[in-house]
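Colleague: Requesting a structural model of the entry that follows:
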Amino acid sequence: MSFFYNLGKSILPERIRQRIGIYLEKTGKYEVPFDTYGKVFVFSFAISILAYALLLYSYLKSAGLALFLILSFLSLTALQLGLVFVMLIGFWLYYEFVIFRRTREIEEVLPDFLEQVSVNLRAGMSFDRALWNSVNPDFGVLEREIEIVSKKVMTGDDTEQALKEFANKYNSTLLQESMDMIIIGIRAGGNISELIDRVVANVKEAHYLNEELIASVTSYVIFISVIAVVISPVLFALSFNLMQIIQGLGDKLTVTNYGNVLNFGDNLLNPKDFILFSKIAIVIIAGISSLIIADLREGSIKAGLKYIVLFAPIAYIIYLVALAGLSGAFGVVV
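Modeller: Sure, this is the predicted structure:
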């Protein structure tokens, strides 16, 4: 085992390691990547040391030794904890997106898999054998999960418990309800193939209704996309130019009212500050719009990551182009 592996394992308590292992099974990883965690910790520590050296160097000349030591300890600790927290959030977001994608892949091929199980049951196979023979490489993620269920059953585990563990691994109401119906059929001891056929019909109907729902909200998705990606950046660029024009006129005009002079040129807003604010606002608007669109199309904001990666750069580029184009048209210096 490498140094990074031992380091990554040592910084995590035993109880947390077990929970991470169970959580990572949902992502298709059956071994905790302690090596990666160790490297991330060393990287964050190196960044903390570098930032500490840059931020506190000035205190060597102006502050006393005691104050320097206290500030050094506090700043180094805060930087390290902050970087570790940010990286943990990054890992968590990535894992959640992978889990969501795997869940959707399972739901898409679930009807085909259940149909294959029903065919095998009608051919006279036992339920355990029908599960194993229904495994198909085309099922992707579901193939691996069914292999795990089949191996558990063949090694002596209870069939119902193996199916429950599989269903509870993913946050999918469709999968959980389908497995619950199959478990009820196994307990009842009736014709499971007919029950599975009904489950397949219900799953296909759920898919059809989901597609109808997505089609019904397409106009809203288009409207939100255009607002976030095109209209918002253009309006911010136009606002900047109007602000510059008004401030330019204010430098030349004064309004006298009962002896009081009001100068429109006072308290001018820094153009660089407005541009920075605009860029941040555009990215935030694109991010929030991505989450809304993901919720409308996918039924969960977890799918918003792929939309954010698409929307934010496009909106940012459109803002820069609109800012340059409008500034050139109005004769404003950016």
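Colleague: Please pull up the helix or strand immediately following the helix or strand containing F85.
Modeller: Using DSSP states H and E, F85 falls within helix 65-122. Heading C-terminal from helix 65-122, the first helix or strand you meet, by DSSP H and E, is helix 127-133.
Colleague: buried residues in that following helix?
Modeller: F127, R129, A130, L131, W132 (16 or more other CB atoms under 10 Å). Where you see a C-beta, it was placed from the backbone N, CA and C, and this is true even at glycine.
Colleague: by contact count, what packs against the helix holding F85?
Modeller: When contacts are defined as 3 or more CB pairs under 8 Å, 6 or more residues apart in numbering; DSSP states H and E, helix 65-122 sits against helix 34-56, helix 59-62, helix 127-133, helix 141-154, helix 173-188, helix 192-216, helix 304-330.
Colleague: could you redo the last one with a cut-off of 6 Å?
Modeller: Applying 3 or more CB pairs under 6 Å, 6 or more residues apart in numbering; DSSP states H and E, one finds that helix 65-122 makes contact with helix 34-56, helix 127-133, helix 141-154, helix 192-216.
Colleague: Name the residues of the longest one that are buried.
Modeller: Buried residues in helix 192-216, counted by 16+ other CB under 10 Å: I192, S193, L195, I196, D197, V199, V200, V203, A206.
Colleague: thought the second one was touching S118?
Modeller: Yes - S193 is within contact range of S118, at 4.6 Å (criterion: CB atoms under 6 Å).
Colleague: right, and the helices and strands packed on helix 65-122 - which one's nearest P233?
Modeller: helix 192-216 (26.7 Å; CB to CB).
Colleague: Also compute the angle for the closest one relative to helix 65-122, please.
Modeller: 130 degrees (axes from the mean of the first three to the mean of the last three CA atoms, to 10 degrees).
Colleague: Give me the next element, helix or strand, following helix 192-216.
Modeller: helix 218-226.
Colleague: Could I get the CA-only coordinates of the helix or strand following that next one as CSV?
Modeller: For helix 218-226, the succeeding helix or strand toward the C-terminus, using DSSP H and E, is helix 232-250. Below are the C-alpha coordinates for helix 232-250, written out as CSV (Å, rounded to 0.1, in the frame of the first residue of the first chain):
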residue,chain,number,x,y,z
SER,A,232,-29.7,38.3,-19.3
PRO,A,233,-26.2,38.8,-20.6
VAL,A,234,-27.4,41.3,-23.3
LEU,A,235,-29.4,43.3,-20.7
PHE,A,236,-26.4,43.5,-18.4
ALA,A,237,-24.2,44.7,-21.3
LEU,A,238,-26.8,47.3,-22.2
SER,A,239,-27.1,48.5,-18.6
PHE,A,240,-23.4,49.0,-18.4
ASN,A,241,-23.5,51.2,-21.5
LEU,A,242,-26.5,53.2,-20.3
MET,A,243,-24.8,53.7,-17.0
GLN,A,244,-21.7,55.0,-18.7
ILE,A,245,-23.7,57.3,-21.0
ILE,A,246,-25.7,58.8,-18.1
GLN,A,247,-22.6,59.3,-15.9
GLY,A,248,-20.9,61.0,-18.9
LEU,A,249,-23.8,63.4,-19.3
GLY,A,250,-23.8,64.0,-15.6
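Colleague: neighbours around S126, how many?
Modeller: Other residues lying near S126 total 11 when counted by other CB atoms under 10 Å.
Colleague: Give me the residue ranges of the protein where confidence is low.
Modeller: The chain contains residues with pLDDT under 70 at 1, 52, 54-73, 190, 250-268, 334.
Colleague: ok so, going back, and the helices and strands packed on helix 65-122 as TSV, adding distance to E160?
Modeller: What follows is these, written out as TSV (distance: least, CB to CB, whole Å):
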stretch	distance to E160
helix 34-56	34
helix 127-133	11
helix 141-154	10
helix 192-216	13
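Colleague: and of the ones you listed, who's closest to T173?
Modeller: Comparing the helices and strands packed on helix 65-122 by CB to CB, helix 192-216 comes nearest, at 9.2 Å.
Colleague: What lies in contact with the closest one?
Modeller: By CB atoms under 6 Å, 6 or more residues apart in numbering, the residues outside helix 192-216 that reach it are 110-111, 114-115, 117-118, 121-122, 174, 178, 181, 185, 297.
Colleague: which residue sits closest to K9, ignoring its sequence neighbours?
Modeller: Excluding its sequence neighbours, the residue lying closest to K9 (CB to CB, 6 or more residues apart in numbering) is F34, at 4.4 Å.
Colleague: Is that neighbour in contact with S10, as I believe?
Modeller: No - with contact defined as CB under 6 Å, F34 does not reach S10; the gap is 8.8 Å.
Colleague: quick one: which of those two has more around it?
Modeller: F34 (21 against 11).
Colleague: Can you tell me how far the residue lying closest to F45 once chain neighbours are set aside is from S232?
Modeller: Among residues not flanking F45 along the chain, Q80 sits closest, at 6.2 Å (CB to CB, 6+ apart). Counting by CB to CB, to the nearest Å, the gap from Q80 to S232 is 37 Å.
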